[in-house]
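Participant: Starting from these lines, generate the structure:
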Amino acid sequence: MPSLIDIRRRIRSVKNTQQITRAMKMVASARLRRAQDRVINARPYARMASELLADVVAAAGPELVEQLPLLDVREERRIQLVLITADRGLAGAFNTNLIKAAQQFLAEHTDQEVELELVGRKGRDFFVKRPVRISGETTGISQSPSQADAERLARKLIGRFTAGEVDSVYLIYNEFKSVLSQKVTLKKILPIAMPGGATGREYIFEQPPMQMLEKLLPEFIALQVLEAFLESAAAEQAARMTAMDSATTNAGEMIEKLTLYMNRVRQASITREIIEVVSGASALE
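Facilitator: The predicted model follows:
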């Protein structure tokens, strides 16, 4: 049976841990509000960009559109997989689910050459120790990604695709649904699938639609990468806040159990001492 000193020491340790998890929950909650605002504001912009692209495609005509290199559909022999994880842990199953999804993707495409572009330390730390092909890595941007970060990665992906180094590009990231729900999403961004459902708006083009498409398509790829970054950032903070809230609650329950156990041990110790005193007194009579 542990001594009272050991139990008190353990209770003190759990209380210190509880203070840390409570503080981390408050930090994640503050960051979540900012990340959630960014992703909510980005979604209408992405939807409008898709509608605009559909209208320009309709104006250019399907015959001319097929000449653009970013729309070149070919057999998938070499695949680029972009895995977007967090730089930090303590976020429940956030990173684990993403890594499992990437492993499943690799298992399903054993006949193709799959190269990983790793965004986030957790994904990098996992796959650098395994026999997989890695085309590059990016760290330090998971909590506050910028448009420049998305454009930098988009340029690299577009360059590899147009040069014929890869035949398709996929993204794996966590989509933010709510504070309690994040969905692992697999999204193909290259070659670009022409968005349907043109709005039918009438535009007056100062440039030919083909020239506009040549500029719009790379921007559309960068926008999709940025949207994935923002979704992942919001989902990370939501997962961390939920995990720290659960850890704080569990620490409180453990403190209650340890306190009850400590009181029982102390009561047993006092009872034993009383019995010893009574026994000693009886022996002297």
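
Participant: How about Glu151: what's its closest non-neighbour residue?
Facilitator: Computed as Cβ to Cβ, 6 or more residues apart in numbering, the closest residue to Glu151 that is not its neighbour in sequence is Ala222, at 4.7 Å. All C-beta spots, glycine's among them, are computed from the backbone N, C-alpha and C.

Participant: Just the pLDDT at the one you found, thanks.
Facilitator: Per-residue confidence (pLDDT) for Ala222: 93.

Participant: and what of Arg47?
Facilitator: 83.

Participant: How many residues are close by Ile11?
Facilitator: Neighbour count of Ile11, defined by other Cβ atoms under 10 Å: 18.

Participant: Which elements pack onto the helix or strand hosting Thr21?
Facilitator: Counting by DSSP states H and E, the element that carries Thr21 is helix 4-60. Here helix 4-60 touches strand 168-178, helix 209-284, going by 3 or more Cβ pairs under 8 Å, 6 or more residues apart in numbering; DSSP states H and E.

Participant: what ranges of the stretch 151-285 of the chain fall below the confidence cut-off?
Facilitator: The stretch 151-285 of the chain contains residues with pLDDT under 70 at 195-201, 203, 278, 280-285.

Participant: How about Ala233: what's its closest non-neighbour residue?
Facilitator: Spatial nearest neighbour of Ala233, chain neighbours left out: Ala35 (4.7 Å); criterion: Cβ to Cβ, 6+ apart.

Participant: What count of nearby residues applies to the residue nearest to Glu151?
Facilitator: Ala222, neighbours per other Cβ under 10 Å, totals 21.

Participant: wait, isn't it in contact with Ala150?
Facilitator: Yes: checked against Cβ atoms under 8 Å, the pair Ala222 and Ala150 is within contact range at 5.3 Å.

Participant: picking that back up, just say which of the helices and strands packed on helix 4-60 is most tucked in.
Facilitator: strand 168-178 (a mean of 21; mean count of other Cβ atoms under 10 Å).

Participant: how distant is that strand from the center of its chain?
Facilitator: Taking Cα atoms, centre = their mean, to the nearest Å, one finds strand 168-178 lying 8 Å from the centre of the chain it belongs to.

Participant: in its sheet, what does the following helix or strand past it sit against?
Facilitator: Counting by DSSP H and E, the element after strand 168-178 in chain order, helix or strand, is strand 181-190. Here strand 181-190 is paired, per DSSP bridges, with strand 168-178 (antiparallel).

Participant: pull the CA atoms of the partner strand into PDB?
Facilitator: Presented in PDB, the C-alpha positions along strand 168-178 are these (Å, rounded to 0.1, in the frame of the first residue of the first chain):
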ATOM      1  CA  SER A 168      -1.900  13.700 -60.800                       C
ATOM      2  CA  VAL A 169      -1.800  15.600 -57.500                       C
ATOM      3  CA  TYR A 170      -4.000  14.700 -54.400                       C
ATOM      4  CA  LEU A 171      -4.400  16.500 -51.100                       C
ATOM      5  CA  ILE A 172      -5.100  14.800 -47.700                       C
ATOM      6  CA  TYR A 173      -6.200  17.100 -44.900                       C
ATOM      7  CA  ASN A 174      -8.800  17.400 -42.100                       C
ATOM      8  CA  GLU A 175     -11.800  19.400 -43.100                       C
ATOM      9  CA  PHE A 176     -13.300  21.500 -40.300                       C
ATOM     10  CA  LYS A 177     -17.000  20.600 -39.700                       C
ATOM     11  CA  SER A 178     -17.600  21.700 -36.200                       C
END
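
Participant: Now for the closest residue to Pro145 other than its chain neighbours: which residues touch it?
Facilitator: Nearest residue to Pro145, sequence neighbours excluded (Cβ to Cβ, 6+ apart): Phe229, at 3.6 Å. If a contact means Cβ atoms under 8 Å, 6 or more residues apart in numbering, then Phe229 has Ile84, Val119, Ile141, Pro145, Asp149, Ala150, Tyr173 as its contacts.

Participant: Glu117 sits in which helix or strand?
Facilitator: Assessed by DSSP H and E, Glu117 sits inside strand 113-119.
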